[in-house]
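In: what follows is a predicted protein model with its sequence.
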Amino acid sequence: MHVQQQLVIRIFLYFHYRSWEHFNVMLKETPLYQFHLDLGGKMTVFAGYRLPVQYRHGIIHEHLHCRTHAGFFDISHMGQCLISGDEAAGELERLTPSDIAGLKSGQQKYTVLTNDEGGIIDDIIITRIASGFIVIVNAACKEKDFHYLASRLSAHCHFVELTDQALFALQGPASAAIIRKFSAHTADLPFMTAHETELGGIKCTISRSGYTGEDGFEISVPNKNAVALADLLLAEPGVTAIGLGARDTLRLEAGLCLYGHELNETVTPVEAGLHWLIKKGCSDFPGADKINRQSQQGPERIRVGLSVDGKQPVREGSAIVNSDNDAIGHVTSGGFAPSLGKPVAMAMLDRNYSTLDTRLYAKVRERQVAVTVTRLPFIPHHYHR
C-alpha cells in the first residue's frame, strides 16, 4: 500500500504543478538550484522557477519526517520586499483588512491584499522591523503584487524588492532545538515574531513562523550565503531536505489556504474562513463594504474540510453534490494525507451544507465518492505560543 500511496501522490503532483511554463526557456532558479540537484532532487517547474518536488526518499517520507523531526525547505521563489517611510504603516493598513499600524517592531501579521470587490489579490506576511515593513508574497503573484503595492503606495513610502535575499524554512518539532545550537534567543521567539541574528556567523532575519502546521522558522539570508546556511542546517542530525510535494501535503493536512486554490480574486477572506484576520471596525480598505457585510450576515459560501470515505482521492475542481445530485460546491484542494493514512480535501460549499458531519458526495469521473464535512485543521497545529 505504501507504494500505491506514493504513486497516488506523484500523479496528483504531476497535474498539480505542470504548467505551460515548462516550455519557457527563461525559467528562474533559486541560489540552491545546483544544491538541490546534488541532493538528488527531482525538479519540476512552479511559478516560473525550477524547484524540487521531492528528493530520493519520496514525498511520504519527507512529509512524515517533518511531522516528527525537522524539514528544510527552499522557498526562495517567494517574493520579499521592504516598504519604509513615515506613512508606511497607515498606507499598508489601507490595503489590507488587518491591524498593521498596531504591529510593534519584530511582530508579524498574516493578512491579505483585497480588491475593490472584496476578492483576495494575494495572502501575505507583513513583518515590522526597525527600518520599515518586510512583506513576503506568493511566487505566482510576485509581479502582480509588487506592481500593485508600488502603484498604490504614495511618494511618502519607499518600495524596494529584495532580489538579493534567499528564503528558507526549517519546520518540525525538532526545529527549535536545532536553532538553539546557533542562537538561543531565536529559539525563544514567540510565534509570529522575528528578529535579526546570526546562525553560524551568517547574518539573517528569522521569524517563528511557517506553513506546515508545525513549529518552525523562516529565514531570510543574502543569496551569497544561501548555500553555506543550507549546508549548516542540513548537517544537523534530524534535518532533511523537503520538496514542493510534501510542502503541499503538509499545508493541506494543516488546513491552510493556497493561493490559486482556496484563495483568488473572486473569494473574500470571510468565504475563505479567514474572518479572524479582519480588524474590527476597519472600513477603509478595498472591498470593505462587502467583506464587513459578510462578516455580519454570513457568506453564501464558505471553505470547509472534507473527510473522504475509502481510498479514492478527490481532486481540485471535483463537484460536490447533495443526496439529490444538486451541485452545492467544488473541491479546492484534495489528496492523500500521509499523517492520517487517508484522503482529505478542502472545498468551497454553499453555507447551508457546511454544518459539521453533513454527508455529501464528490464527483470523481463517473463515480460519486462519499465525503463528510469535518473540522479544520485535519491535524492539530503545533505553533509555539
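Out: Nice, thanks for sending it over.

In: how much space between Leu199 and Leu162?
Out: According to C-beta to C-beta, to the nearest Å, Leu199 and Leu162 sit 18 Å apart. No exception for glycine: its C-beta is placed from N, CA and C like everyone else's.

In: what about the two, which has more around it?
Out: Neighbours per residue (other C-beta atoms under 10 Å) separate Leu199 from Leu162, with Leu199 holding more: 23 against 17.

In: now that one. Nearest residue, chain neighbours left out?
Out: Phe182 (4.4 Å; C-beta to C-beta, 6 or more residues apart in numbering).

In: from what I see, that neighbour and Gly200 are in contact.
Out: Yes - contact status for Phe182 versus Gly200: in contact at 5.6 Å, counting by C-beta atoms under 8 Å.

In: what do those two both touch?
Out: Jointly contacting Phe182 and Gly200 under the rule C-beta atoms under 8 Å, 6 or more residues apart in numbering are Leu232.

In: neighbour count for the two, which is higher?
Out: Higher neighbour count among Phe182 and Gly200: Phe182, with 19 against 15, using other C-beta under 10 Å.

In: what about the more buried one, distance to Gln80?
Out: For Phe182, the distance to Gln80 - C-beta to C-beta - is 22 Å.

In: how about Lys290?
Out: On the measure of C-beta to C-beta, Lys290 and Gln80 end up 30 Å apart.

In: ditto for Asn223
Out: 11 Å.

In: of those two, which one has the most company?
Out: Gln80 (22 against 15).

In: skipping its backbone neighbours, what lies nearest the more buried one in space?
Out: The nearest residue in space to Gln80 (C-beta to C-beta, 6+ apart) is Leu162, at 4.1 Å.

In: report the contact partners of that neighbour.
Out: Leu162 sits in contact with Gln80, Cys81, Leu82, Ile134, Ser220, where contact means C-beta under 8 Å, 6+ apart.

In: separation between the first one and Glu218?
Out: Relative to Glu218, Gln80 is positioned 10 Å away (C-beta to C-beta).

In: now the common contact residues for those two.
Out: Ile136, Leu167.

In: pretty sure Lys363 is touching Asn322, no?
Out: No - with contact defined as C-beta under 8 Å, Lys363 does not reach Asn322; the gap is 11.8 Å.

In: and the next helix or strand past the helix or strand where Val45 lies?
Out: Per DSSP states H and E, Val45 falls inside strand 42-46. Using DSSP H and E, the helix or strand that directly follows strand 42-46 along the chain is strand 49-54.
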